[in-house]
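>>> coordinates only, no sequence provided:
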């Protein structure tokens, strides 16, 4: 097998890419601006030029086994970005085909949270686990579900949107997806900031957060205040961790994972988040899943700077031809006439 793969993390602002070896070491990396070109073919041309620049500089020409790409709303089955709402090109975007044809190398794509799950299973704390759920806690809440060693894609490639489970049925917050009460609206970094604004408006006790512009408060501000002992900030983390822990107990019911793996800036809040999360998860867990202490909660050990590229690159090892969308099941045969 050729010794390297290319991992590409495509975001709405930047596209980061790197050369990765079989041990999960990022040999070299770089980036381009995703939305620099209004024409998709021009974007592919620049991506090719910049990727091949680092490939050539690292004597990796003809040594690339495959290319893996993680991108929002990327569909593993079709190789397309289904709804590129933050991208300047019309959807669907035929990303896998365009990259494979340009580079002459097999390419596979998946959404960014699934890529993170594959990365953890290949290089991270989920090595050796066959059943786990990856949850990414960033600007939004993403997830990747692994069952029996395989990512769950569903019949249309779009399975695993656990960030859009409804956690508040009554008077839930409006989510960016257009629904109300989604987990993402409460347990993302953005959700923490929204909770802070709500608490400051309805509560009266003093808080370091009151020294800040309420409209620009971030989850980092809440963390900093909590570290300094601010009681209201602690209660914001308690509220967030409780909702997430209860949701994880619900997630356990349908796939009985051995572990949850948490990744993203919010997951680095330590006991501020993890203590209420674990307490709520244990309290809400169905008894039959409490054997051996219930699912473990693990924190990703991948370097944040490399994690997206590593996750995408892991998909590159299995890239052959982008799978075709599954055929619709055949209609049942008509009963024979008597």
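Sure thing, it's come through. Computed from a predicted model, the values in this text were never measured in an experiment. Numbers count the residues shown, from 1 in each chain.

>>> helix or strand for residue 170, which one?
Assigned by DSSP states H and E, residue 170 falls within no helix or strand.

>>> give the contact list for it.
Residues near residue 170 by C-beta atoms under 8 Å, 6 or more residues apart in numbering: residue 181. No exception for glycine: its C-beta is placed from N, CA and C like everyone else's.

>>> now do it against residue 244, distance only.
Remark: distance between residue 170 and residue 244 (C-beta to C-beta, to the nearest Å) = 19 Å.

>>> what does residue 198 give?
Computed as C-beta to C-beta, the residue 198 to residue 244 distance reads 17 Å.

>>> ok, residue 252 next?
For residue 252, the distance to residue 244 equals 13 Å [C-beta to C-beta].

>>> so between these two, which is more surrounded?
With neighbours defined as other C-beta atoms under 10 Å, residue 252 and residue 244 compare such that residue 244 has more, 28 against 21.

>>> residue 226: what secondary structure?
Per DSSP: H, G, I helix; E, B strand; the rest coil, the local secondary structure of residue 226 is helix.

>>> tell me the contacts of it?
Under the criterion of C-beta under 8 Å, 6+ apart, the neighbours of residue 226 are 233, 234, 236, 237, 272.

>>> for the residue nearest to it when sequence neighbours are not counted, what is the enclosing helix or strand?
Once flanking residues are discounted, residue 226 sits nearest to residue 233: 3.8 Å by C-beta to C-beta, 6 or more residues apart in numbering. Using DSSP H and E, residue 233 falls within helix 231-255.

>>> what comes up buried for that helix?
Neighbour-count burial for helix 231-255, counted by 16 or more other C-beta atoms under 10 Å, picks out 232-252.

>>> what about the helices in the stretch 101-250 of the chain?
Under the criterion DSSP state H, counting those that start in this stretch, the stretch 101-250 of the chain contains helices at 112-123, 184-187, 189-202, 219-227, 231-255.

>>> neighbouring contacts of the third one?
Contacts made with helix 189-202 from outside it, assessed by C-beta under 8 Å, 6+ apart, are listed as 137-141, 173, 184-186, 207, 209-210, 214-215, 217-219, 221-222, 232-233, 235-237, 239-240, 264-266.

>>> among those residues, name the buried ones.
When burial is judged by neighbour count using 16+ other C-beta under 10 Å, the buried members of the contacts of helix 189-202 are 137-141, 173, 184-186, 207, 209, 217, 219, 221-222, 232-233, 235-237, 239-240, 264-266.

>>> between the contacts of residue 226, which is closest to residue 124?
residue 272 (22.8 Å; C-beta to C-beta).

>>> and that closest one, how far from residue 224?
11 Å.

>>> now residue 79
Distance from residue 79 to residue 224, counting by C-beta to C-beta: 43 Å.

>>> what about those two, which has more around it?
Set residue 79 next to residue 224 and count neighbours by other C-beta under 10 Å: residue 79 wins out with 27 against 15.

>>> re the thing from before, want to try a markdown table for the helices of the stretch 101-250 of the chain, with mean pLDDT and distance to residue 295 as columns?
What follows is these, written out as a markdown table (pLDDT from 0 to 100; distance: least, C-beta to C-beta, whole Å):
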| stretch | mean pLDDT | distance to residue 295 |
| --- | --- | --- |
| helix 112-123 | 90 | 15 |
| helix 184-187 | 97 | 17 |
| helix 189-202 | 97 | 22 |
| helix 219-227 | 98 | 25 |
| helix 231-255 | 97 | 6 |
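
>>> which one of those helices lies closest to residue 89?
Closest of the helices of the stretch 101-250 of the chain to residue 89 is helix 112-123, at 17.7 Å (criterion: C-beta to C-beta).

>>> by contact count, what packs against the closest one?
Contact here means 3 or more C-beta pairs under 8 Å, 6 or more residues apart in numbering; DSSP states H and E; on that basis helix 112-123 packs against strand 64-70, strand 132-137, strand 141-147, strand 150-151, strand 259-263, helix 304-316.

>>> distance to residue 109 and mean pLDDT added to those, as TSV?
Output for the helices and strands packed on helix 112-123, formatted as TSV (distance: least, C-beta to C-beta, whole Å; pLDDT from 0 to 100):
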stretch	distance to residue 109	mean pLDDT
strand 64-70	4	96
strand 132-137	17	96
strand 141-147	14	95
strand 150-151	12	94
strand 259-263	19	96
helix 304-316	7	87
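
>>> most tightly surrounded among those?
Of all the helices and strands packed on helix 112-123, strand 132-137 has the most neighbours on average by mean count of other C-beta atoms under 10 Å, namely a mean of 27.

>>> that one vs helix 219-227, what angle?
Calculated by axes from the mean of the first three to the mean of the last three C-alpha atoms, to 10 degrees, strand 132-137 forms an angle of 90 degrees with helix 219-227.

>>> give me the distance from strand 132-137 to the chain's centre.
Distance of strand 132-137 from its chain centroid, counting by C-alpha atoms, centre = their mean, to the nearest Å, is 7 Å.

>>> same check, this time on stretch 72-85
Worked out by C-alpha atoms, centre = their mean, stretch 72-85 lies 14 Å from the chain centre.

>>> many thanks, I have nothing further to ask.
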